[in-house]
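[1] what follows is a predicted structure for the sequence shown.
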Amino acid sequence: MKKILLVCSAGMSTSLLVTKMQQAAIEKSIEIEIFALPVAECASVADSVDVVLLGPQVRYQKPQVDAVIKGRVPVDIIDMKDYGMMNGKAVFEMAMKLIG
């Protein structure tokens, strides 16, 4: 099963986005695990995820996340508009394209 990690600061709004992304996955009949963690905890799952998406509010921490992931999987920043609108479908599709 593929795993998508969303990296955030506190996790409140990102948790809502996770739910909306899970709904998008269900609509497409794709079995996938999607979860959110703060930047400080992403190292604990770095070896078990297939893609890492950063919330726009923590985009400045991308170099730190890149250092943890070490190029093993794609790391990208969620579009600010999609994040603000909680567009789970668009963010899910972005993640799936990055996974390949």
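    Perfect, I can see it now. These numbers come from a predicted model, not from an experiment.

[2] for Lys70, phi and psi?
    Backbone geometry at Lys70, expressed as degrees, to the nearest 10, gives phi 60, psi 40.

[3] also Asn87?
    Dihedral angles for Asn87 - degrees, to the nearest 10 - are phi -80, psi 80.

[4] wait, it touches Lys20, no?
    Yes - if you go by Cβ atoms under 8 Å, Asn87 and Lys20 touch, sitting 7.4 Å apart. The C-beta positions use only the backbone N, C-alpha and C, and glycine is treated the same way.

[5] which other helices and strands does the helix or strand of the chain with the lowest mean pLDDT contact?
    Sorting the helices and strands of the chain by mean pLDDT, DSSP states H and E puts helix 12-27 at the bottom, at a mean of 91. Here helix 12-27 touches strand 2-8, strand 32-38, helix 88-99, going by 3 or more Cβ pairs under 8 Å, 6 or more residues apart in numbering; DSSP states H and E.

[6] can I get the CA coordinates of it in PDB?
    Taking C-alpha atoms only, helix 12-27 is exported to PDB below (Å, rounded to 0.1, in the frame of the first residue of the first chain):
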ATOM      1  CA  MET A  12      -5.300  21.100  12.600                       C
ATOM      2  CA  SER A  13      -6.100  22.200   9.100                       C
ATOM      3  CA  THR A  14      -3.900  19.500   7.600                       C
ATOM      4  CA  SER A  15      -6.000  16.800   9.300                       C
ATOM      5  CA  LEU A  16      -9.000  18.100   7.400                       C
ATOM      6  CA  LEU A  17      -7.100  18.000   4.200                       C
ATOM      7  CA  VAL A  18      -6.100  14.400   4.900                       C
ATOM      8  CA  THR A  19      -9.800  13.500   5.300                       C
ATOM      9  CA  LYS A  20     -10.700  15.100   2.000                       C
ATOM     10  CA  MET A  21      -7.800  13.400   0.300                       C
ATOM     11  CA  GLN A  22      -9.000  10.000   1.700                       C
ATOM     12  CA  GLN A  23     -12.400  10.800   0.300                       C
ATOM     13  CA  ALA A  24     -10.900  11.400  -3.200                       C
ATOM     14  CA  ALA A  25      -9.000   8.100  -2.900                       C
ATOM     15  CA  ILE A  26     -12.200   6.200  -2.000                       C
ATOM     16  CA  GLU A  27     -14.000   7.800  -5.000                       C
END
